[in-house]
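Peer 1: Sequence first, then the predicted structure:
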Amino acid sequence: MEYRSLGATGVKVSPICLGTMNFGFATLEADSIRIIHAALDAGVNFIDTADVYSAGESERIVGKALANGRRHQVVLATKVHFKMGDGPNDQGNSRLHVLRACDDSLRRLQTDYIDLYQIHRPSPDIPVEETLSVLTDLVRAGKVRYVGCSTHPAWMVMEALAVSERRNYVRYVTEQPPYNLLDRRIENELVPLCLRYGIGLLPWGPLAHGVLGGRYLNNAPHPADSRAVRVAGTVYADRITQRSIEAAERFAPLARARGLTLGQLALLWVKDQPGVTAPIIGPRTLEQLSELLPVLEMSLTDEDRAACDEINPPGTAIADFHNTADWMKMKVNV
């Protein structure tokens with residue numbers, strides 16, 4: 001496996017990151033720990049979680065899984081922003097909340113440092129100077145090694161880079177956007193920005209919540225254990241549309257012709273796009289992880305890339321994976 005640089009840092013990470021959003025929610029603790037250990041045994045050394053996942057349970061499970069002496073084998077990433085309590089200061093990117101949230105995450109993760117601490121969403125009402133200042137203090141205190149952001153527009157990432165340079169604050173080294181063959185809008189501004197300034201992209205949703213994995217079929221009921229059924233009526237289920245299912249049906253023959261599963265080709269496509277450090281996979285079962293691990297050793301060909309462009313051209317979208325981002329005003333015709 002060829003490990004990749006984490007943005008413009010000297011840190012090397014596997015070209016796939018293990019995401020843990022399902023842990024403590026759709027996946028029980030024991031199964032979650034088995035998934036983590038299987039990923040580590042396969043050479044994955046990059047794990048991403050967030051304080052809000054399962055109200056802290058995901059972090060706790062990750063911490064327990066790494067407490068057997070494997071913590072230092074892992075580049076451990078978590079995130080802060082979303083509501084974690086009933087108080088008015090239990091959310092957002094203020095100094096007060098970030099300091100409290102970092103200590104809470106460290107406790108749940110059973111570690112004294114976080115390798116990559118990410119701002120989960122922007123807080124437009126809080127000056128970016130305040131957020132970068134507290135992140136700088138956390139790095140200087142040794143609680144955090146590097147910082148990044150998630151689902152930020154390109155202009156906010158650029159603003160943060162400018163403020164960091166002007167004020168001598170720590171600099172974002174990664175951005176974690178939604179990105180898959182069905183929603184390619186980051187290619188218009190965010191990808192060129194990240195390539196220019198050495199920011200690593202850690203895309204979430206590479207399988208489009210299973211749509212590109214073949215989970216949903218035309219004119220057939222959604223699987224009972226699928227996201228569309230488990231969280232029906234939410235922004236997550238809204239991403240699974242008729243147009244996206246039809247695109248997946250065009251995608252399926254490409255995968256079969258190459259001897260791959262749909263999920264493998266979908267992940268491979270994201271992994272080998274320009275600027276991508278490591279897409280984040282979120283397996284719910286050990287079987288789902290096992291299907292995707294071979295992609296660690298695969299490479300996307302120019303022929304594969306051109307064939308995928310025929311399904312959805314560069315810079316466009318046929319499903320809305322930015323629908324949890326308040327700043328995104330463009331609506332996708334579903």
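Peer 2: On my side now, so go ahead.

Peer 1: tell me the centre residue of this structure?
Peer 2: Trp204 (3.3 Å; CA atoms, centre = their mean).

Peer 1: what's the pLDDT at it?
Peer 2: As predicted, Trp204 sits at a pLDDT of 98.

Peer 1: Settle this for me: it is touching Glu175, isn't it.
Peer 2: No - look at Trp204 against Glu175 with CB atoms under 8 Å: they stay out of range, at 10.8 Å. Using the backbone N, CA and C atoms, a C-beta is placed for each residue, glycine as well.

Peer 1: any common contacting residues for those two?
Peer 2: Ser150 (CB atoms under 8 Å, 6 or more residues apart in numbering).

Peer 1: if we can go back for a sec, how near is the residue nearest to the centre of the chain to Gly214?
Peer 2: Going from Trp204 to Gly214 by CB to CB, to the nearest Å gives 19 Å.

Peer 1: and if you look at Leu109?
Peer 2: For Leu109 relative to Gly214 (CB to CB), the value is 34 Å.

Peer 1: So between these two, which is more surrounded?
Peer 2: Using other CB atoms under 10 Å, the more surrounded residue of Leu109 and Gly214 is Leu109, with 25 against 18.

Peer 1: Surely that one touches Thr78?
Peer 2: Yes - counting by CB under 8 Å, Thr78 is a contact partner of Leu109 at 6.9 Å.

Peer 1: Show me whatever sits in contact with both of the two.
Peer 2: 49, 59.

Peer 1: mind listing what the residue nearest to the centre of the chain touches?
Peer 2: By CB under 8 Å, 6+ apart, the residues touching Trp204 are 19, 150, 176-179, 279-280, 282.

Peer 1: what do you get for Ile35?
Peer 2: 18, 23, 27, 283, 285-286, 289.

Peer 1: Would you convert these into CSV that also reports neighbour count and secondary structure?
Peer 2: As requested, those are exported to CSV (neighbours: other CB atoms under 10 Å; DSSP: H, G, I helix; E, B strand; the rest coil):
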residue, neighbour count, secondary structure
Leu18, 27, strand
Phe23, 29, strand
Thr27, 24, strand
Pro283, 25, coil
Thr285, 15, coil
Leu286, 16, helix
Leu289, 21, helix
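
Peer 1: quick one: which two of those residues are the most distant?
Peer 2: Using CB to CB, these span at most 13.4 Å, a distance reached by Leu18 and Thr285.

Peer 1: so how far is stretch 98-109 from its chain's centroid?
Peer 2: 20 Å (CA atoms, centre = their mean, to the nearest Å).

Peer 1: pLDDT weak spots in the chain?
Peer 2: Counting by pLDDT under 70, the chain shows low-confidence ranges at 219-221, 224-232, 334.

Peer 1: the helices in it, which residues?
Peer 2: In the chain, the segments counted as helices under DSSP state H are 29-41, 57-66, 95-109, 128-140, 154-167, 190-197, 227-230, 242-257, 262-271, 286-292, 302-311.

Peer 1: got a list of what Thr136 touches?
Peer 2: Per CB under 8 Å, 6+ apart, neighbours of Thr136: 169-170.

Peer 1: now Tyr113
Peer 2: Shown in contact with Tyr113 (CB under 8 Å, 6+ apart): 106, 142-145.

Peer 1: Could you measure from it over to Tyr146?
Peer 2: 11 Å.

Peer 1: cool, Tyr236 as well?
Peer 2: 28 Å.

Peer 1: of these two, who's got more company?
Peer 2: Counting neighbours by other CB under 10 Å for Tyr236 and for Tyr146 shows that Tyr146 has the greater number, 23 against 17.

Peer 1: just checking, the more buried one touches Ala8?
Peer 2: No - with contact defined as CB under 8 Å, Tyr146 does not count as touching Ala8 (10.2 Å).

Peer 1: So which bits of stretch 120-139 are buried?
Peer 2: The neighbour-count check on stretch 120-139 (16 or more other CB atoms under 10 Å) flags 120-123, 128, 131-139 as buried.

Peer 1: May I see those residues arranged in a markdown table, with distance to Glu59 as well?
Peer 2: Shown next, in a markdown table, are these (distance: CB to CB, whole Å):
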| residue | distance to Glu59 |
| --- | --- |
| His120 | 13 |
| Arg121 | 18 |
| Pro122 | 22 |
| Ser123 | 21 |
| Val128 | 25 |
| Thr131 | 20 |
| Leu132 | 23 |
| Ser133 | 24 |
| Val134 | 19 |
| Leu135 | 18 |
| Thr136 | 23 |
| Asp137 | 21 |
| Leu138 | 16 |
| Val139 | 20 |
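
Peer 1: Good, we can wrap up now.
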